[in-house]
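> Predicted model, plus sequence, below.
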Protein chains: 2
Amino acid sequence: MHPFDQVVALEATADGRLRGHTSDLYWNMVSPFGGATAATILNSILSHPQRRGDPVALTVNFVAPIAKGELSVEPRLARSNRSTQHWSVEIRQGGQPDLMVSAIAFFGIRRPTWGVTEAAPPPVEGPEAYPRPRASMPLPWIEMYDFRVAHGQIPSPIGQSLTHVWMSDRQPRPVDFLSLTAYCDMFPPRILFHRPTPVPLGTVSLTIYYHADANEVAAQGAEPVLGVAQGQIAHNNYYDHHGQIWGKSGKLLATTQQIAWYKE
Amino acid sequence: MHPFDQVVALEATADGRLRGHTSDLYWNMVSPFGGATAATILNSILSHPQRRGDPVALTVNFVAPIAKGELSVEPRLARSNRSTQHWSVEIRQGGQPDLMVSAIAFFGIRRPTWGVTEAAPPPVEGPEAYPRPRASMPLPWIEMYDFRVAHGQIPSPIGQSLTHVWMSDRQPRPVDFLSLTAYCDMFPPRILFHRPTPVPLGTVSLTIYYHADANEVAAQGAEPVLGVAQGQIAHNNYYDHHGQIWGKSGKLLATTQQIAWYKE
């Protein structure tokens, strides 16, 4: 079993909830890698017997730092019709369970329609053209992935956080909605591009829009995806970024944005 | 009382919920203007006695089309600490109340910190330099606002949805978090830029990040804000856009993204 499948794994409990478990392999600074937590949230819906269709929108609010150990995950189908579903999911921890993560999601059955892609992937070389970066901080989860940075130095000599980065699971694993979700949270904190001295920080809210159905995502195989991200603003304790995840043949697989807290 | 303050108004009911009401003035095609609904959601938190700090992140999922009449709005404080709060809000309607809107929000007390604005406002003239556009569809809520389009024709002769638009309440009203929320949902549907024939469509999920505290928003007075938006993709029933709301002196007040459903 791939370690990523282990970290998002869920098991049904007697009271109708789901039990997950943090993994030391996907540990961040003081809590799990947020992308793995978001993928666990998504997995609780994807594996639900009432789930219909593919994820279209997911927003995950990180309420409190998850501690090592068991997670209680509770997906709730809020409303369903023939081709769309609204879900909410909570992760709780502890004896008197505290809310740790709160999420809402929208699933839909996609049908072929007219379409257009206005965004364009950046003109970069293949992943093998770029070296692995030295991690600015030795965090366990970073070791689980292969990053090849085509653009975007930390710190930025030009005061810009624009990033082009190839991302893949270090131990190859076919891309699916779960890993795509994790890739959306892999961009280094934007303020590191601007400030040489790290400060305490953490993602508060992460939103992902999925622009491919399960078959289109599966067509990616285990090949690296190309991530693009840029911050827009950092102001009085909160900074944002927006990003894109590009797949094979210039296919836009997902768009994402997040806002994070920082100190000072 | 300004009509916008009427459409977002809430009154406490005996069972501890809040009662709102749709307004014909802010009606859209088959349901209320989504920006007014999102502002009503935000208002249920802003006016809550336990609320602390200013909105930082709001995600609103539009579950089903709201009908004309009363709304039952239920804000719930999910978790609170000294300087941050997580909320969830639901809007329900009907005798056996059905879920119509589901939202999660994050509030925080902002303190002065280091900051940077990487994004830049587009180089446009003041609002008076541009004519009012002819509304492509005669929707009641559009009459409540003044739009001056600096860039972005519908349909686009160049297959691009990039929009620069000055926006203000037609009957002047000082900008606050409520109207800022509404402005974030005022961009015309992106697919109208590409397709001459309108098709059924509707926003599924809207996310807003607020980058100013209450005082900074109040400094805007009743002057027009400058909205920027562009679609990234329309594919198999869903299209997205991301946007920015710029205030006086090149201050980025909010960033936003949304995903919407479309037919065919």
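Yep, it's here.
> Now do the closest residue to residue A:115 other than its chain neighbours: how many residues are near it, please.
Nearest residue to residue A:115, sequence neighbours excluded (CB to CB, 6 or more residues apart in numbering or on different chains): residue B:235, at 4.3 Å. For glycine as for every other residue, the C-beta is placed from the backbone atoms N, C-alpha and C. The tally of other residues near residue B:235 (other CB atoms under 10 Å in any protein chain shown) stands at 22.
> How about residue A:95?
Residue A:95 has 5 neighbours, counted by other CB under 10 Å.
> So it belongs to a helix, correct?
No. Counting by DSSP: H, G, I helix; E, B strand; the rest coil, residue A:95 is not found in a helix; it is coil.
> just checking, the residue nearest to residue A:115 touches residue A:213?
No. Counting by CB atoms under 8 Å, residue B:235 does not reach residue A:213; the two are 9.2 Å apart.
> which neighbours do the two share?
residue A:110 (CB atoms under 8 Å, 6 or more residues apart in numbering or on different chains).
> On the C-terminal side of the top helix by length along chain A, identify the next helix or strand.
For chain A, the helix with the greatest residue count under DSSP state H is helix A:34-46. For helix A:34-46, the succeeding helix or strand toward the C-terminus, using DSSP states H and E, is strand A:54-62.
> That following strand to helix A:34-46, inter-axis angle?
Computed by axes from the mean of the first three to the mean of the last three CA atoms, to 10 degrees, the angle separating strand A:54-62 from helix A:34-46 equals 130 degrees.
> Check which helices and strands strand A:54-62 sits against.
The contact analysis (3 or more CB pairs under 8 Å, 6 or more residues apart in numbering or on different chains; DSSP states H and E) places strand A:54-62 against helix A:34-46, strand A:98-108, helix A:177-183, strand A:201-210, strand B:54-62, strand B:98-108, strand B:201-210.
> who are the neighbours in contact with residue A:68?
A:22, A:24, A:27.
> now, which of these sits nearest residue A:105?
Ranked by distance to residue A:105 (CB to CB), the contacts of residue A:68 are led by residue A:22 at 21.3 Å.
> Just give me the neighbour total for the closest one.
Other residues lying near residue A:22 total 21 when counted by other CB under 10 Å.
> Pretty sure it sits against residue A:30.
No. Contact criterion CB under 8 Å: residue A:22 and residue A:30 do not qualify, at 11.8 Å.
> In the stretch 1-150 of chain A, where is pLDDT below threshold?
In the predicted model, the stretch 1-150 of chain A carries pLDDT under 70 at residues A:135-136.
> Could you list the contact residues of it toward chain B?
Within reach of chain B by CB under 8 Å from any CB of the partner chain, the stretch 1-150 of chain A has these residues: A:56-57, A:59, A:61, A:63-64, A:78-79, A:84, A:86, A:88, A:98-99, A:102-104, A:106, A:108, A:110-119.
> ok, 6 Å please
When proximity is defined by CB under 6 Å from any CB of the partner chain, the stretch 1-150 of chain A lies next to chain B at A:56-57, A:59, A:61, A:63, A:78-79, A:86, A:99, A:102, A:104, A:106, A:110-111, A:113, A:115-119.
> Any chance of a ChimeraX selection covering the buried ones in those residues?
Below is the selection syntax for ChimeraX that covers the buried ones among those, with 16 or more other CB atoms under 10 Å in any protein chain shown defining burial:
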select /A:56,57,59,61,63,78,86,99,102,104,106,110,113,115,116,117,118,119
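> and residue A:65, helix, strand or coil?
Going by three-state DSSP: residue A:65 is coil.
> give me the number of residues near it?
13.
> Please name the residues that touch it.
Each residue near residue A:65 by CB atoms under 6 Å, 6 or more residues apart in numbering or on different chains is listed here: A:30-31.
> If we use 8 Å, what do you get?
Shown in contact with residue A:65 (CB under 8 Å, 6+ apart): A:30-31, A:100, A:202.
> can you check residue A:260 too?
By CB under 8 Å, 6+ apart, residue A:260 lies in contact with A:189-190, A:201-204, A:238-240.
> What about those residues, which one has the most neighbours?
Counting by other CB under 10 Å, top hit in these: residue A:190 with 29 neighbours.
> Any chance of the backbone angles for it?
The phi/psi pair for residue A:190 (degrees, to the nearest 10) reads phi -60, psi -30.
> how about the strands of the stretch 51-200 of chain A, start to end?
Per DSSP state E, counting those that start in this stretch, the stretch 51-200 of chain A carries strands over the ranges A:54-62, A:70-80, A:84-93, A:98-108, A:116-117, A:145-151, A:163-169.
> and those strands, which is most packed in?
Sort these by mean neighbour count, taking mean count of other CB atoms under 10 Å in any protein chain shown, and strand A:54-62 sits at the top with a mean of 26.
> quick one: strands adjacent to that strand?
Note on strand A:54-62: by DSSP bridges, its sheet partners are strand A:98-108 (antiparallel), strand A:201-210 (antiparallel).
> ok, back up a step: of the contacts of residue A:65, which is the nearest to residue A:50?
Nearest to residue A:50, judged by CB to CB, of the contacts of residue A:65 is residue A:100 at 23.8 Å.
> For that closest one, give me its contacts.
Contacts of residue A:100 (CB under 8 Å, 6+ apart): A:62-66, A:71, A:91-93.
> let's see 7 Å
Residue A:100 sits next to A:63-64, A:66, A:91-93 when contact means CB atoms under 7 Å, 6 or more residues apart in numbering or on different chains.
> One more: residue A:232?
A:240-242, B:118-119, B:244, B:252, B:255.
> Would you mark the buried spots in stretch A:41-50?
For stretch A:41-50, a neighbour-count test (16+ other CB under 10 Å) marks A:41-46, A:48 as buried.
> and the stretch 151-264 of chain A, which of its residues are near chain B?
A:160-161, A:194-195, A:204-205, A:207, A:209, A:211, A:213, A:230-238, A:240, A:242, A:244, A:252, A:255, A:257, A:259, A:262, A:264 (CB under 7 Å from any CB of the partner chain).
> picking up where we left off before, residue A:6 is nearest to which of the helices and strands packed on strand A:54-62?
Closest to residue A:6 of the helices and strands packed on strand A:54-62 is helix A:34-46 (CB to CB; 10.1 Å).
> any idea how far the closest one is from the chain center?
8 Å (CA atoms, centre = their mean, to the nearest Å).
> What distance do you get for residue A:2 to chain B?
28 Å (CB to the nearest CB, to the nearest Å).
> ok, for that residue, nearest residue in space, not its chain neighbours?
residue A:173 (4.8 Å).
> check contacts around that neighbour.
Contact analysis of residue A:173 by CB under 7 Å, 6+ apart lists A:2, A:4, A:179, A:222.
> Take the strands paired with strand A:54-62 and write them to TSV, including distance to residue B:13.
Converted to TSV, these look like this (distance: least, CB to CB, whole Å):
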stretch	distance to residue B:13
strand A:98-108	25
strand A:201-210	30
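> for residue A:253, helix, strand, or coil?
With three-state DSSP as the basis, residue A:253 sits in strand.
> Touching, it and residue A:213? I think so.
No. With contacts counted by CB atoms under 7 Å, residue A:253 stays clear of residue A:213, the gap being 10.6 Å.
> From what I see, residue A:191 and residue A:239 are in contact.
Yes. Under the criterion of CB under 7 Å, residue A:191 makes contact with residue A:239 at 5.4 Å.
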